[in-house]
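**Q** Show me how the following folds:
(one chain, ligands or ions: 1)
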Amino acid sequence: MSSSIDPAALTIEGLRIATRSHTIVGGIDLALKRGGIHGLAGESGSGKTMTALAVLGLLPGSMTASGSIRLADAEGPASTELVGASRGVLQGVRGRRVAMVFQDPSTSLHPQLPVGRQLTDHMRHHLGLGKAEARQKAEALLDRVRVPDARGALSKYPHQFSGGQRQRIAIAVALACDPTVLLADEPTTALDVTVQAGVLQLLRELADGGDLSILLVTHDLGVMSAVADEVTVMRQGLVVESAPREQLFTSPQDDYTRSLLAALPGSSFEQTGEEAR
Ligand SMILES: Nc1ncnc2c1ncn2[C@@H]1O[C@H](COP(=O)(O)OP(=O)(O)OP(=O)(O)O)[C@@H](O)[C@H]1O
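**A** The predicted model follows:
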């Protein structure tokens, strides 16, 4: 067996998520390449969010997962199996090796704590940094996500920022402990189009740094076309198509993918067959 480093930061194989009575995700495969952005697209209810939550072992209590989700070590060929992992293993992964940002940044930000504290608390608790070192790192992080006047921003509260800046701060909080994987669930859906573009550009820059791989969950294929390296399209809990972005946007193989593309403004794809009805 080769001991070379795994090209995938996260490998999902045969993931099945089910309640007692329903199959939510029916056995999907997905490989998130290191330093890449992998888009997970599909209509509402297709199982995108549950797939992301399964990575963190945060599915609703009524659901169980089976199959495999392997998180590669940052260095070396070893990996951690997350499906069926113990609480201890999952606690060591959540927020540290895999972080998540949501549509609404308020979900990850405490309204009554200054931004600096929210960043440094994480770093001091998880990374054991001293106060001054954590503050320095917090300022550098805010700079990295392009929050203006990073030093001044440390003492401000979330409500003192615009929606786009709040999402950048939520991304900074997610990155505080240097995760290798970021799960971004509709991170730009609540933002104005112009602000959206800036946040997407930021995700692209973070991935291009090479140490972070991003699973970008969104129903919006327009967002995918802007930043994803590869796109997996889900429908009713199954993968209908998975391809590099160029290929998916220029020669989609599946009717459902074609119908999603046809719905994009300025699209040259025509809806066909059952999808057009
Ligand atoms: N707590 C829950 N208990 C039972 N079923 C749920 C629960 N939460 C979600 N579901 C179901 O799981 C399925 C997949 O939901 P999921 O949120 O993953 O879809 P999605 O593709 O992310 O869509 P959306 O973009 O609307 O969030 C849906 O049919 C939904 O109704």
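**Q** Looking at strand pairing, list the partners for Ala99.
**A** Each beta-bridge partner of Ala99 is listed here: Leu182, as defined by DSSP bridges.
**Q** tell me the pLDDT at it?
**A** At Ala99 the predicted local confidence, pLDDT, stands at 96.
**Q** any idea how far it lies from Leu261?
**A** Ala99 sits 31 Å away from Leu261, taking C-beta to C-beta, to the nearest Å as the criterion. C-beta: built from backbone N, CA, C; applies to glycine.
**Q** So for the two, which residue has more residues nearby?
**A** Counted by other C-beta atoms under 10 Å, Ala99 and Leu261 do not tie: Ala99 has more neighbours, with 26 against 21.
**Q** gap between the more buried one and the ligand?
**A** Using C-beta to the nearest ligand atom, to the nearest Å, Ala99 is found at 18 Å from the ligand.
**Q** cool, and Ser225?
**A** When distance is defined by C-beta to the nearest ligand atom, Ser225 is 18 Å away from the ligand.
**Q** neighbours around that residue, how many?
**A** Ser225: 16 neighbours (other C-beta under 10 Å).
**Q** is it true that it touches Pro252?
**A** No. Counting by C-beta atoms under 8 Å, Pro252 is not a contact partner of Ser225; they are 12.0 Å apart.
**Q** Mutual contacts of the two, please.
**A** Between them, Ser225 and Pro252 share no contacting residue under C-beta atoms under 8 Å, 6 or more residues apart in numbering.
**Q** starting at the chain centroid, how far to the helix or strand hosting Asp29?
**A** Assigned by DSSP states H and E, Asp29 belongs to strand 23-33. Taking C-alpha atoms, centre = their mean, to the nearest Å, one finds strand 23-33 lying 14 Å from the centre of the chain it belongs to.
**Q** Low-confidence regions, the stretch 1-150 of the chain specifically.
**A** Flagging of the stretch 1-150 of the chain using pLDDT under 70 yields the residue ranges 1-3.
**Q** Contact residues of it facing the ligand?
**A** For the stretch 1-150 of the chain, the residues in contact with the ligand under the definition C-beta under 6 Å from any ligand atom are 19, 24, 42, 44-50, 60, 62.
**Q** 8 Å - rerun?
**A** On the criterion C-beta under 8 Å from any ligand atom, the ligand has as its neighbours in the stretch 1-150 of the chain the residues 17, 19, 22, 24-25, 42-53, 60, 62-63.
**Q** For ChimeraX, write the select line for the buried members of the residues you listed.
**A** Under the burial definition 16 or more other C-beta atoms under 10 Å, those of these that qualify are selected in ChimeraX by:
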select :17,24,25,42,46,47,48,49,50,51,52,53,63
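**Q** Tell me which of the residues of the stretch 1-150 of the chain next to the ligand fall in helices.
**A** 48-53 (DSSP state H).
**Q** Farthest pair within those?
**A** The widest separation within those, taken as C-beta to C-beta, falls between Lys48 and Leu53 and amounts to 9.8 Å.
**Q** Tell me, how many residues neighbour whichever residue of the stretch 101-250 of the chain sits closest to the ligand?
**A** Ranked by C-beta to the nearest ligand atom, the top residue of the stretch 101-250 of the chain for proximity to the ligand is His219, at 5.2 Å. Each residue near His219 was counted by other C-beta under 10 Å, and the total is 17.
**Q** ok, now how distant is it from Arg235?
**A** Taking C-beta to C-beta as the measure, His219 and Arg235 are separated by 11 Å.
**Q** Common neighbours of these two, please.
**A** 42-43.
**Q** Spell out the secondary structure type for the residue nearest to Thr120 when sequence neighbours are not counted.
**A** Among residues not flanking Thr120 along the chain, Ala134 sits closest, at 3.9 Å (C-beta to C-beta, 6 or more residues apart in numbering). At Ala134, secondary structure determined by DSSP: H, G, I helix; E, B strand; the rest coil is helix.
**Q** For burial, what's the neighbour tally of Ala134?
**A** Around Ala134 there are 22 other residues, counting by other C-beta under 10 Å.
**Q** do the same with Glu186
**A** Applying other C-beta under 10 Å, we find 18 other residues in the vicinity of Glu186.
**Q** again, but for Lys33
**A** Other residues near Lys33 number 16, with proximity taken as other C-beta under 10 Å.
**Q** and Ser68, what helix or strand is that in?
**A** When secondary structure is defined by DSSP H and E, Ser68 falls within strand 64-72.
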